[in-house]
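> Fold the following and give me the result.
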Amino acid sequence: PNHKELFTMIICMLDAGQFIEKPEFLEPLKQYGEIRIFSGMPKSVDEVVARAGDAEVVAFAVTQLTHEMIDRLPKLKILQFIGTGMWNFVDVDYAVSKGIEVLNIDAYGSNAVAEFAVSLAMSMNRNIVPAVNILKAHDWTTDGLGGQEIAGATVGVIGTGSIGRLVAEKFFGLNANVIACDLYENEQLKAKYDLKYYSMEEIFRQSDIITMHMKVTKENEKLIGRRLISQMKPNALLINVSRAELIDNEALYEALAAKKIRGLATDVYTSEPPCELDYKMIDLPNVICTPHIGFYTEQSNDNSIKMSVNSIIKALGT
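Numbering: from 1, shown residues only. As a prediction, the model looks like this:
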């Protein structure tokens, strides 16, 4: 739909403080009307309404938008999620049923997340976190800190889209033996690196490091379950920077607690902030965890602002 006739519209950046730091990126939106920017997650439905109650366009990054919130935003026409995976933050079908267009952006932080996945693998392989903790405790020992090298290791990349493709390339650059699993094989990776694709079962059987780069859908929730986890090598690592919902986390916890696999590095959780099950998992000594910062670089931040602005303008029907 063409919304350009709403020239006096209000565009609300509901919880995106990064827009305050880069006001120049908002210049293209100023022709449409007033822009309001708020930093930090609103703490209640009333606060959401106070910030965005009369806005036609609402951009949001971390707020979980409930049905009640949507119902109390009567002028709302466009919801712009400043990221990928809007379905995890808003009931898209419900919003659409209320005549609201729901948008997100894609690939704004692909390289940032790919670098982070490799960083987590290296940190786990070389026991960097426990080594730091030992020295910060004013101790000095190398007991239990012997590591593994990436070179020569078999790395299984699950999903070779915009992020997984970059992860595979980076591990190839580190002289790993990279294998992959995806419904859609990446012909460029196959041609350039002779990348081989295998079934999910083979990835879990062969890999020393498994790194997850799939989008979550209703069909693939808990795809990584007890059967696949049981096929992992005892010395294998699992890296998850995609979505926690892809894994049966009870089964994963059991394998980690029993030390049937070497460890987990995760940047994603079943709820954010983490729930009781998440905390039970991340309290284990063979788990390293970060608060969903894989995408969080200056470059990807700039990309997210520019892409969100362009997405809104396109929806406004320029």
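
> low-scoring stretches of the stretch 201-318 of the chain, by residue?
In the predicted model of the stretch 201-318 of the chain, residues 318 satisfy pLDDT under 70.

> Try it again at 90.
Filtered on pLDDT under 90, the stretch 201-318 of the chain yields the residue ranges 215-219, 271-273, 277, 317-318.

> now the strands: where do they sit in it?
Per DSSP state E, counting those that start in this stretch, the stretch 201-318 of the chain has strands spanning 209-212, 237-240, 263-266, 287-289. These are given in chain order.

> What segments of the stretch 1-150 of the chain are strands?
Assigned by DSSP E, counting those that start in this stretch, the stretch 1-150 of the chain shows strands spanning 9-13, 33-37, 57-60, 78-81, 101-103.

> who does the first one touch, helix- and strand-wise?
Under the contact criterion of 3 or more CB pairs under 8 Å, 6 or more residues apart in numbering; DSSP states H and E, the helices and strands touching strand 9-13 comprise strand 33-37, strand 57-60. All C-beta atoms are positioned from the backbone trio N, CA, C, and that covers glycine.

> Pick the most deeply packed of these.
Neighbour counts (mean count of other CB atoms under 10 Å) averaged over each of those peak at strand 57-60, with a mean of 28.

> Rebuild the helices and strands packed on strand 9-13 as CSV, extending it with distance to K233.
Converted to CSV, the helices and strands packed on strand 9-13 look like this (distance: least, CB to CB, whole Å):
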stretch, distance to K233
strand 33-37, 49
strand 57-60, 41
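
> worst average pLDDT in those?
Lowest mean pLDDT within the helices and strands packed on strand 9-13: strand 33-37, a mean of 90.

> Direction included, what does that one pair up with?
With DSSP bridges as the criterion, the sheet partners recorded for strand 33-37 are strand 9-13 (parallel).

> I'd like the distance from the partner strand to the chain centre, please.
How far strand 9-13 lies from its chain's middle: 26 Å, per CA atoms, centre = their mean, to the nearest Å.

> Touching that strand from outside, list them.
3, 19, 29, 32-38, 51-52, 54-59, 75, 312 (CB atoms under 8 Å, 6 or more residues apart in numbering).

> average pLDDT across that strand?
Model confidence over strand 9-13, given as mean pLDDT, is 83.

> Convert stretch 227-242 to PDB, retaining C-alpha atoms only.
Listed in PDB are the C-alpha atoms of stretch 227-242, where the atom choice follows Å, rounded to 0.1, in the frame of the first residue of the first chain:
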ATOM      1  CA  ARG A 227      19.100 -39.000  18.600                       C
ATOM      2  CA  LEU A 228      21.400 -36.500  16.800                       C
ATOM      3  CA  ILE A 229      23.100 -35.300  20.000                       C
ATOM      4  CA  SER A 230      23.900 -39.000  20.900                       C
ATOM      5  CA  GLN A 231      25.800 -39.400  17.700                       C
ATOM      6  CA  MET A 232      28.300 -36.600  18.400                       C
ATOM      7  CA  LYS A 233      31.900 -37.500  19.200                       C
ATOM      8  CA  PRO A 234      32.800 -37.300  22.900                       C
ATOM      9  CA  ASN A 235      35.300 -34.600  22.100                       C
ATOM     10  CA  ALA A 236      32.900 -32.600  19.900                       C
ATOM     11  CA  LEU A 237      31.800 -28.900  20.400                       C
ATOM     12  CA  LEU A 238      28.400 -27.400  19.500                       C
ATOM     13  CA  ILE A 239      28.300 -23.700  18.500                       C
ATOM     14  CA  ASN A 240      24.900 -22.000  18.400                       C
ATOM     15  CA  VAL A 241      24.600 -18.400  17.200                       C
ATOM     16  CA  SER A 242      21.300 -19.000  15.300                       C
END
